[in-house]
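Q: Here is my input; please provide its structure:
(chains A and B)
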Amino acid sequence: MAVPSNKTGNTADVIVIGGGLHGLSAALHLSMQGVDVTVLEKDYCGRHASGVNAGGVRRLGRALPEVPLSVAAAELWQNIEQLVGDDCGFESTCQIKVAETEADLRKLQHRSKELQDLGFDHEEIIDRKTLRKLLPAVNPECVGGMVVHGDGHANPFRTVQAFRHRASSLGAQIYEGAQVTETDRRHGVWVVRTANGNRHEAPVVINSAGAWAGRFADQMGDRVSLRPAALMLMITARLPAFIDVVVGATGRTLSFKQFENGTVMIGGGFEGQANLETNQTTLDFAGLATSARSAIAIFPIMQKARIVRQWAGIEGMMADGIPVLGPSQSEGLFHSFGYSAHGFQLSPICGKIVSDLVLTGSTDLPIAAFRADRFNT
Amino acid sequence: MSDGLDHDLVIVGSGPAGMAASLVAAEHGERVLVLDEQRQPGGQVFRAMEKNDAASRPELGDSYYAGSKLIRSFRRANVDYRPGTTVWHVSSEGEIGFTQDGEAKIVKAGHVVVATGAMERPFPVKGWTNAGVMSAGAAQVLLKEAGIGIENAVFAGTGPLLYLVVYQYLQAGIPVKAVLDLTPAENYFAAVRHLPAAILSSGKLLRGQKWKRRITRSNIPFLSGIRNIRICGTGAVNSIEYLVGSTWNKIETQNVLLHQGVVPNINISASAGCDTRWNERQAAWTVVVDEWFRSSQSRISVVGDGAAIGGAVAAQHAGYLAALGALERLGKIDTTIQTKLARAHAVALRAELRLQPFLETLFRPARHMRIPVMDDVVVCRCEEIHAGQIREFVGIGCSDPNQVKSFSRCGMGPCQGRFCGHTVSELIADIESRPVGEVGYFRLRPPVKPLRLSELATLSDLPKVD
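A: As a prediction, the model looks like this:
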């Protein structure tokens, strides 16, 4: 689709709803192509999941339909400074899934084989000795694991700012505190109104509203049943450096990493409760206690670590755990949401995909699995 | 228990406000749990009083021993009092997370009274993080707990507590090198209009005068009219410099004790979601409460210096009123009884607070003592973030304390922003010429006090969140 350029008042070529990483990435890639983009963010950019997630840059353990996207994103991450003008605090080391038992290890071997059959060889099985070498602090009873070299982690808030600044330096108009209250399509143009009384117009709208994206999709006839999730994380006071890779577990949910400044982040897929109206989350301490036990089981050194912060970010979760990415059944609307717990690494490539879809109607990467209508029967 | 609650009332803090509130609640037959970090009741003001007595430690003064009656009553009251307990979470639903003897627990209360008192205002001047620099309040803790004094220290700052600690040092015979009074000269003029009301609480006023007179009549240098200070030395203090007129003068010293007033410790209440408000005269964040000290969260009351600074006596009266407010909310007393029981305390509280506008105006620290002018002054001690870095982040669009925090790590350390929160709010407001109230405060995350992973791992049998 060719998009005519216009520069008058509150009109643009594309309106992006949601100033999280995926919205900003779409805005950036579109701006790079000379498209006039407006971003409408109800709070401030990166206020929710984008700014407060674990920052995992991970191909390890991706759902199979996401693997090609994740591999393409990894290439963009290797040159992230070229794309956004900042290294985003990206540290490329590796990510490891630890096997605590022989059964865990068999599960990982099976998975690695499955990926190889699809033509991807980035997930590598390691034995007990190699595991100890990569993770000297790991519980000696762990039997092995799976590793992806080149994975790592970045600073989420810094990443948001970098995408935002690059997009706006290329001309994207970013409005914060601009909650969308009304969308209307008239004669091929979307009219979008915000709670602060502004009106914006564009032929194309991108729905990248994170946990809030489901309502809008539903209104537009795409019944996606997006569930708000409040994934909990905690972080400790500084500890002497003992690990430089991101670690997960096989038989339990855990995400574990130490930052350069010595603090350790512990996540693990446990959810609190999210309130979409008030932006507030409630923590579930039973879940956090389980995460604490998991972290201590795999890294006994954590026993005495002091937790300084626990929180949850509000994210949008799909029933099948993979996002909605692609055109809506409504004309001039594209979706990019539902990345809960795993969208950070994908953001550079998904913005590119959205941009390609808007400008050319197609993309080189396989996105059929992410169709908005996949739950329609 | 049939109501699903572990306690009717949980009171956080056993200072004057917390003790008073628990007495009233216990008298009405409530199941009261009192959690406090210290080993003995009394809060900061009456800290370690049970260990001390007026005969052997007279230097601590009448205002200190005035708390003994309340402490004795508290000890006799039928409450579940847990000293040595760290509260690390209070939720708007009335759940309280705490650690005692290495074990974490979460209990659910019908109502929570947060009586966490005040904390000393940050004093972000050049060199304030050097070894040998302490707050005067911390020095007072040492004196009360262990009878230890910091010898030959230079005291610098403003506020009644500064004079009190110097007074106690002199009474105890601990040598003091000098006192640098940073009370801004213009405050004396501004405070005059509050004097008529203040004279009605002349007792307190005279007590302050007594402390100050004891200092000025001693042979230690008491220097007033000081406009600025800087603490010198690399790593450890070797001297303090002070500005009089346009001249910097120097005093050699290894120890500096700073103090410029106290501010409410709002960490628990703000993280529980209680609304806060910037109080311009106190230059502090206060918690929004009604006449019964009930906050914007219906299950939570915030009382005493933890809501707004009023001192120990006011806190005690407020504690009684807060308990009556909680009992009424829980349906244990009706409003007629509530009003009747409250009357004397409400009158006494009003009288006690009459002096406050005068004190707040007189001892309001100078703007440049609260908002560092120089870029190389440390704002966040935990993460060593300087004022210049914060100015930089504000310059590129971080206009909210939480954005500054995410970006710079300022406020992310173990103190949970207690040492920098006020400075950051005022600094952003100053840079952007906006009201502090509009800039806001850090969004506080649990745990509000550090919690060991091994302690969290012990949590089990949690109450259901509804």
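
Q: Give me the phi and psi angles of A:S330.
A: phi -80, psi 140 (degrees, to the nearest 10).

Q: where does the nearest residue to it once chain neighbours are set aside land on pLDDT?
A: Of all residues not flanking A:S330 in the chain, A:M220 sits nearest, at 4.4 Å (CB to CB, 6 or more residues apart in numbering or on different chains). All C-beta spots, glycine's among them, are computed from the backbone N, C-alpha and C. A:M220 carries a pLDDT score of 91 in this model.

Q: Give me every residue in the stretch 1-150 of chain A lying close to chain B.
A: A:Y44, A:G46, A:G51, A:V52 (CB under 8 Å from any CB of the partner chain).

Q: Narrow these to those in helices?
A: A:G51, A:V52 (DSSP state H).

Q: name the element B:P357 belongs to?
A: helix B:356-362 (DSSP states H and E).

Q: so what does that helix touch, helix or strand wise?
A: helix B:185-192, helix B:195-199 (3 or more CB pairs under 8 Å, 6 or more residues apart in numbering or on different chains; DSSP states H and E).

Q: Please state the offset of that helix from the chain centre?
A: 17 Å (CA atoms, centre = their mean, to the nearest Å).

Q: tell me the contacts of A:H22?
A: Contact partners of A:H22, counting by CB atoms under 8 Å, 6 or more residues apart in numbering or on different chains, are A:S50, A:S208, A:G210, A:S336, A:F337, A:Y339, A:G343, A:L346, A:S347, A:C350, A:G351, A:V354.

Q: quick one: which of those residues sit in strands?
A: If you go by DSSP state E, those have A:S336, A:F337 in strands.

Q: Confidence-wise, which of the contacts of A:H22 comes last?
A: Among the contacts of A:H22, A:S50 carries the lowest pLDDT, at 90.

Q: nearest spatial neighbour of it, skipping sequence neighbours?
A: A:G20 (3.8 Å).

Q: Give me the mean pLDDT for stretch A:261-272.
A: Stretch A:261-272 comes out at a mean pLDDT of 90.

Q: in it, what's buried?
A: For stretch A:261-272, burial by neighbour count (16 or more other CB atoms under 10 Å in any protein chain shown) applies to A:T263, A:V264, A:M265, A:I266, A:G267, A:G268, A:G269, A:F270, A:E271, A:G272.

Q: how about low-confidence regions in the stretch 251-377 of chain A?
A: A:377 (pLDDT under 70).

Q: That one: strands as residue ranges?
A: A:255-258, A:264-274, A:281-282, A:306-317, A:324-327, A:333-337 (DSSP state E, counting those that start in this stretch).

Q: And for the stretch 151-300 of chain B?
A: B:153-158, B:176-181, B:222-223, B:228-232, B:239-244, B:247-252, B:256-260, B:262-264, B:276-279, B:284-287, B:300-302.

Q: Looking at these, which one is packed in the most?
A: Stretch with highest mean neighbour count among the strands of the stretch 151-300 of chain B: strand B:300-302 (a mean of 31; mean count of other CB atoms under 10 Å in any protein chain shown).

Q: what about it and chain A, any contact?
A: No - against chain A, strand B:300-302 shows no contacts by CB under 8 Å from any CB, the least distance being 14.7 Å.

Q: Check which element follows that strand along the chain.
A: Moving toward the C-terminus from strand B:300-302, the next element (DSSP H and E) is helix B:312-329.

Q: helices or strands next to that next one in the packing?
A: helix B:16-27, strand B:103-114, strand B:300-302, helix B:335-353.

Q: For A:F285, find the nearest of the ones you listed.
A: A:F285 lies closest, by CB to CB, to one member of the helices and strands packed on helix B:312-329: strand B:103-114, at 5.7 Å.

Q: just how off-centre is that closest one within its chain?
A: The answer for strand B:103-114 is 22 Å, by CA atoms, centre = their mean.

Q: So what are the sheet partners of it and their directions?
A: Using DSSP bridges, the strands paired with strand B:103-114 are strand B:7-12 (parallel), strand B:95-100 (antiparallel), strand B:300-302 (parallel).

Q: Which residues does stretch B:337-354 contact?
A: In contact with stretch B:337-354 (CB under 8 Å, 6+ apart) are residues B:24, B:197-198, B:200-201, B:291-292, B:310-311, B:313-314, B:317-318, B:320-321, B:324-325, B:327-328, B:333.

Q: residues of the following helix or strand past the helix holding B:P357 that come out buried?
A: Downstream of helix B:356-362, the first helix or strand assigned by DSSP H and E is helix B:367-370. Judged by neighbour count using 16+ other CB under 10 Å, the buried positions of helix B:367-370 are B:M369, B:R370.

Q: Stretch A:21-38 too?
A: So, applying 16+ other CB under 10 Å, buried residues of stretch A:21-38: A:21-32, A:35-38.

Q: if we can go back for a sec, any of the residues of the stretch 1-150 of chain A next to chain B buried? List them.
A: In the residues of the stretch 1-150 of chain A next to chain B, the ones that pass as buried (16+ other CB under 10 Å) are A:Y44, A:G46, A:G51, A:V52.

Q: hang on, the earlier thing: just tell me which of the helices and strands packed on helix B:356-362 ends up closest to B:I390.
A: Here helix B:185-192 is closest among the helices and strands packed on helix B:356-362 (CB to CB), at 26.9 Å.

Q: List the residues that contact the residue nearest to A:S50.
A: A:C45, A:G46, A:H48, A:A49, A:S50, A:V160, A:S208, A:A209, A:G210 are the contacts of A:G20 under CB under 8 Å, 6+ apart.

Q: Of all pairs in the residues you listed, which one is the farthest apart?
A: A:V160 and A:A209, at 15.1 Å, using CB to CB across the contacts of A:G20.
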